[in-house]
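[1] Sequence first, predicted model second:
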Amino acid sequence: MLNFDEETARLLEIAYQGSDIVLRRMLSFDAVSPRPSETILDIGSGNGLLSVELARAVGPNGRIIGVDPSAEMRKPAMERCADFDWVSFREGSAYALPIEDASMDKAVSVQVFEYLDDLEKAASEAFRVLKPGGRLVVSDIHFDSLVWHTEDQARMDRMVAAWDGHFAERRIPAVLPPVLSDAGFEIQDIRPVTITDHVLKPDGLAIVMLTLMENFATRHGIVGKAEAAAWRKEQEDLAASGRFFFSISQFAVIARKPGI
Ligand SMILES: C[S@@+](CC[C@H](N)C(=O)[O-])C[C@H]1O[C@@H](n2cnc3c(N)ncnc32)[C@H](O)[C@@H]1O
C-alpha cells in the first residue's frame, strides 16, 4: 500500500480540493444524484470529502454512513462532518459491510475498487445492503487512459509499470460491469470525465501522481532513486518550458438492484 508521510498528506489535502479532483468527485456526486432524506453508504469513504457533500444534499432527514478500514482516514472524515449529526463513520471493509440487509437507498465507492482483489465479494456485499431499486455507483480511473507526454518513453513506461504494483486492478471501469451483472445488478450507464492539464498545477492530479509514483517505485526498489528523480525532474522541466501534457479519465459505473 501507499505510505503517507506528513508532506504527502498535506499535498493530498490541497489536491483533493483542487479543480482536478473536484471534477472527478462531481462525476461521482452527479451519478449518485442524492435526494433529500435518502440513506447513502460511502464505501471506502477516505477523508470524507464526498460524504460531507452527500450530507448537505440529503439534509437532516437523510443519513450518510461512511465505511473505511483505516482509522487514519476515518479521523479527518469525522472531523470534516462534525457539524452533521446524520453522518457517521464505521470501521469496516467492502468485503463485509457493517450494514443491515436492504437498508440503503444508494451506495457509492470512489477510487476503492481498484485496491480490491475480490470484486465478486464486494459486488455481492453492495447488492445485499441496497434496497430493491437501489443505486450503486463505482467510480475509478481506467489507467489505460493515461497520456503523459515525455521525451523518455521507456522511463515513463517503467514508472507506470511500477505504479501498477500498488493496486489490484488498473482497469476497473471495463472489468467491473460483468461482475456487477453476475451479482444481480442491472448496469444503467458508464459516465466519463477526462482530466487534462497543460500546466503542472500545485493543486492538480499530476503533481499528486508525480509524488506518489516516485515514492512507491523507490520505496519498493522497483526503480532506482536517481531514475525516479530524473523522471520527476523531466516533468518539472517540461512544465517550465510550456511542454507539459497530462490527461487521464475517470468513469462512474452506475448500476441498479432490480426491484421497485
Ligand atoms: C484512494 S482512497 C479514496 C477515498 C475516497 N473514496 C475518495 O475518493 O477520496 C482509498 C480508500 O479505500 C480504503 N480502503 C482500502 N481497502 C478497503 C476495503 N477493503 N474496503 C473499503 N475501503 C477500503 C482506504 O482506507 C482509503 O480510505
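    Thanks, I have the structure now. Residues are numbered from 1 along each chain as shown.
[2] Would you map the helices across the protein?
    For the chain, helices defined by DSSP state H occupy the ranges 6-15, 19-32, 49-58, 71-80, 119-129, 153-164, 172-182, 205-219, 225-240.
[3] where does the protein have low pLDDT?
    For the chain, applying pLDDT under 70 flags the ranges 1-6.
[4] Please name whichever of the helices of the chain is nearest to L97.
    Closest to L97 of the helices of the chain, according to CB to CB: helix 119-129, at 4.9 Å. C-beta coordinates here come from the backbone N, C-alpha and C atoms, glycine included.
[5] Identify the residues contacting stretch 102-112?
    Residues from elsewhere that reach stretch 102-112 (CB atoms under 8 Å, 6 or more residues apart in numbering): 24-25, 28, 31-32, 34, 38-44, 46, 50, 54, 65, 94, 126, 128-132, 134-141.
[6] repeat for stretch 42-55
    With contact meaning CB under 8 Å, 6+ apart, stretch 42-55 is reached by 12-13, 16-17, 25, 28-29, 32, 34, 40, 62, 64-68, 73-74, 76-78, 80-81, 84, 86-87, 89, 94, 97, 107-112, 115, 122, 126.
[7] of these, list those near the ligand.
    By CB under 6 Å from any ligand atom, the members of these lying near the ligand are 68, 73, 94, 110-112, 115.
[8] so which pair among those residues is furthest apart in space?
    Farthest pair in those (CB to CB) is M73 and A94. Separation: 13.6 Å.
[9] Roughly how far does whichever residue of the stretch 101-250 of the chain sits closest to the ligand sit from L27?
    Nearest residue of the stretch 101-250 of the chain to the ligand, counting by CB to the nearest ligand atom: V110, 3.5 Å away. As judged by CB to CB, to the nearest Å, V110 and L27 stand 9 Å apart.
[10] out of those two, which sits in the busier spot?
    In this view V110 and L27 are compared by other CB atoms under 10 Å, and V110 has more residues nearby, 26 against 19.
[11] and the more buried one, how far is that from E72?
    Relative to E72, V110 is positioned 18 Å away (CB to CB).
[12] what do you get for D237?
    Distance from D237 to E72, by CB to CB: 34 Å.
[13] How about stretch 187-198, which residues are buried there?
    190-191, 193, 195, 197 (16 or more other CB atoms under 10 Å).
[14] Kindly apply the preceding question to stretch 215-225 instead.
    Neighbour counts over stretch 215-225 (16+ other CB under 10 Å) mark 215-218, 222-223 as buried.
[15] Likewise for stretch 57-74?
    Residues of stretch 57-74 classed as buried: 57-58, 62-68, 73-74 (neighbour count, 16+ other CB under 10 Å).
[16] cool, stretch 79-93 as well?
    Neighbour counts over stretch 79-93 (16+ other CB under 10 Å) mark 80-81, 84, 86-87, 89, 92-93 as buried.
[17] could you dump these to CSV with distance to F244?
    Converted to CSV, these look like this (distance: CB to CB, whole Å):
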residue, distance to F244
R80, 32
C81, 36
F84, 39
W86, 43
V87, 38
F89, 38
G92, 40
S93, 38
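[18] Which members of those occur in strands, if any?
    Mapping those onto strands (DSSP state E) picks out 87, 89.
[19] Let me know the closest of the ones next to the ligand among the contacts of stretch 42-55 to D203.
    Distance to D203 across these (CB to CB) is lowest for Q111, with 17.2 Å.
[20] Could you check how far that closest one is from E234?
    Q111 is 26 Å from E234, by CB to CB.
[21] Neighbour count: those two, which is higher?
    More crowded of Q111 and E234, by other CB under 10 Å: Q111, with 20 against 16.
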